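Participant: I'll drop the sequence and a predicted model, then ask my questions.
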Amino acid sequence: MNAATSAAEDLQDVTSVLAGDVRAFEGIVRRWQGPLVTMAWRYSHDRGRAEEMAQEAFLRAWRGLAHWRGESSFSTWLFALAANVYRSELKRFPTERLPLEAAPEPSGPAAQYGELEEQRRNESVRRAVLALPLRYREPVILYYFHEMDLAAAAATMGLPEGTMKARLSRARVLLRQRFPRLEEEAQPGGKNKDTARVRHPDFCNNGIAQETGKEA
């Protein structure tokens, strides 16, 4: 389904719900349940908890549906709401994480890669990202793992695009400082979609944008 079709269906379902057809909300859930659960998993790294967090996001969306004014796309509004829910949930019940200094560094490239080796390296990259402070971890999750463009990621976090660029830049600096071999790991062609974008050269080479001004 393309973005225009999805946006039209979102608008139709929201209009129907607000007009009293509560069953129309099922269409919203059907379209966005997978993306919201995936997004929640990237925040919590726990499948069961991710499903609970996504359910809570849909509940908040249901209760606040009238607050969507159409100034942005419905999906942008929904993802921003979900990000706030996930952020609040993790503050109330933090997921146990290693501090950045204690996270294991990804190993250097091996001559041959079996499936288990690929999975281990992918997990190392994910754990490195999850060890970042939240202010830097969340932009990386949205931009690299959830594959939002810069404008959508900034809108989801309620930040100016310049601040979003600065936080992405700072996240890359922190990861390169803590994990010198991460740049070696960041080569295209990985089998795991989750880390494929993190492995793009932009991640290690500051290809998105140079940090603007002071650290955000």
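Facilitator: That came through fine. Residues are numbered from 1 along each chain as shown.

Participant: ok, which stretches of the chain are helices?
Facilitator: Counting by DSSP state H, one finds helices in the chain at the ranges 3-18, 25-44, 47-63, 74-92, 115-130, 134-140, 150-157, 161-178, 182-185, 193-196, 201-205.

Participant: turn these into CSV, columns for mean neighbour count.
Facilitator: (Glycine included, C-beta is placed from N, CA and C.) Formatted as CSV, the helices of the chain follow (neighbours: other CB atoms under 10 Å):
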stretch, mean neighbour count
helix 3-18, 14
helix 25-44, 19
helix 47-63, 17
helix 74-92, 18
helix 115-130, 17
helix 134-140, 21
helix 150-157, 20
helix 161-178, 20
helix 182-185, 18
helix 193-196, 17
helix 201-205, 17
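
Participant: same list (these) but as a markdown table, adding mean pLDDT.
Facilitator: Listed next are those as a markdown table, based on pLDDT from 0 to 100:
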| stretch | mean pLDDT |
| --- | --- |
| helix 3-18 | 89 |
| helix 25-44 | 91 |
| helix 47-63 | 92 |
| helix 74-92 | 88 |
| helix 115-130 | 67 |
| helix 134-140 | 87 |
| helix 150-157 | 88 |
| helix 161-178 | 89 |
| helix 182-185 | 56 |
| helix 193-196 | 49 |
| helix 201-205 | 48 |
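
Participant: give me the nearest residue to Ala171, chain neighbours excluded.
Facilitator: Tyr136 (3.9 Å; CB to CB, 6 or more residues apart in numbering).

Participant: what sits against that neighbour?
Facilitator: When contacts are counted by CB atoms under 8 Å, 6 or more residues apart in numbering, Tyr136 touches 167, 170-171, 174.

Participant: this structure - how does it break down into domains?
Facilitator: The record's domain parsing of the chain by automatic domain parsing lists 3-92, 102-205.

Participant: from one end of the shortest one to the other, what's the distance?
Facilitator: For domain 3-92, the separation between the terminal residues is 34 Å (CA to CA, to the nearest Å).

Participant: and if you look at stretch 127-141?
Facilitator: Stretch 127-141 has its terminal residues 12 Å apart, counting by CA to CA.

Participant: and stretch 63-82, by the same measure?
Facilitator: Start-to-end span of stretch 63-82 (CA to CA) is 13 Å.

Participant: show residues contacting that stretch.
Facilitator: 6-7, 10-11, 14, 17-18, 25, 28, 32, 35-36, 39-40, 53-54, 57, 60-61, 148, 152, 155-158.

Participant: mind running it again at 7 Å?
Facilitator: 6-7, 10-11, 14, 17-18, 32, 36, 39, 57, 60-61, 152, 155-156, 158 (CB atoms under 7 Å, 6 or more residues apart in numbering).

Participant: touching, Glu56 and Val85? I think so.
Facilitator: Yes: using CB atoms under 7 Å, Glu56 is in contact with Val85, at 5.5 Å.

Participant: hang on, the earlier thing: just put the contacts of Tyr136 in CSV and tack on distance to Ser44.
Facilitator: Formatted as CSV, those follow (distance: CB to CB, whole Å):
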residue, distance to Ser44
Arg167, 20
Arg170, 23
Ala171, 19
Leu174, 21
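
Participant: which two in those are spaced the farthest apart?
Facilitator: Arg167 and Leu174 (10.4 Å; CB to CB).

Participant: so Leu36 versus Arg172, what's the distance?
Facilitator: Distance check for Leu36 against Arg172: by CB to CB, to the nearest Å, it reads 27 Å.
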